[in-house]
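*Asks:* A structural model of the following input is requested.
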Amino acid sequence: MDAAANGAVTKSQIEGMLDKTGVNYVILESTALQTAIDLVNALNSLKNTYSIRLAVLEKHDVLDSTEINIQTLADLQMLFPSVTRENDNAKSDRFAAAYEQANGSTPNRFVTRGFDVTFDVIKRMFQSEDANIFDYGTEQVEKNLPM
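*Replies:* Below is the predicted model of the structure:
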C-alpha cells in the first residue's frame, strides 16, 4: 500500500486490505515521521478486530519518536532485524570443533556464516508450503570468531 501524496495513511486504506481469518503482516518502510505515526495509530485502532503484526526491515529513528508509544509497538508485536544475537552455545562450539577436525584450522567468520546461510536455505527448501518466514527466526552457529 502506498501512502497518499502527502504521506498520510488512514485506517480505511489499511482495513480494506486486511484478512480477518489470518495474521496480517504490515511492513513499515518509511523514514517519514508522520507516515509512521499514522500507520502505527491506524494499526493500533484495528488490532482488536484483526490479527496484525508490524514489521520493519530496518529500524529507523522515526520509531524512537516520543509520538510513537513503545507499548503500541509491543502490542503490534513489531518484528525487526536484530543487530546482535546471543549465540555462545553448544551448537557453535560443536561446529567449530568439527570444522577444525576436518580442516585442521579454526573456522573464520566467513566459513561459519557460509554454513549458516547454506543450512538455512536447505531448511527452508524442505519446509511445508504453508509455513511463513515470519513465524520463526533463523538459528546460526556463528559467534565472534577470528577473521
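
*Asks:* Quickly list the domain ranges of this protein.
*Replies:* Recorded structural domains for the chain (assignment: automatic domain parsing) are 11-75, 90-135.

*Asks:* quick one: which of those is nearest Pro81?
*Replies:* Closest of the domains of the chain to Pro81 is domain 11-75, at 6.9 Å (criterion: Cβ to Cβ). Yep, even glycine has a C-beta here, placed from its N, CA and C like the rest.

*Asks:* hang on, the earlier thing: out of the domains of the chain, which is the most enclosed?
*Replies:* domain 11-75 (a mean of 15; mean count of other Cβ atoms under 10 Å).

*Asks:* for the record, mean pLDDT for it?
*Replies:* For domain 11-75, mean pLDDT rounds to 90.

*Asks:* Next, the residue nearest to Asp61 when sequence neighbours are not counted: secondary structure please.
*Replies:* Among residues not flanking Asp61 along the chain, Thr31 sits closest, at 7.6 Å (Cβ to Cβ, 6 or more residues apart in numbering). Following DSSP: H, G, I helix; E, B strand; the rest coil, Thr31 is assigned to coil.

*Asks:* Check which helices and strands the longest helix along the chain sits against.
*Replies:* In terms of residue count, the longest helix belonging to the chain (DSSP state H) is helix 109-125. Applying 3 or more Cβ pairs under 8 Å, 6 or more residues apart in numbering; DSSP states H and E, one finds that helix 109-125 makes contact with helix 90-103.

*Asks:* Summarise which helices and strands the helix it packs on is packed against.
*Replies:* With contacts defined as 3+ Cβ pairs under 8 Å, 6+ apart, the packing partners of helix 90-103 are helix 109-125.

*Asks:* Can you give me every residue that contacts the residue nearest the centre of the chain?
*Replies:* The residue lying closest to the centre of the chain (Cα atoms, centre = their mean) is Phe80, at 3.9 Å. Residues counted as contacts of Phe80 (Cβ atoms under 8 Å, 6 or more residues apart in numbering) are Ala55, Val56, Glu58, Lys59.
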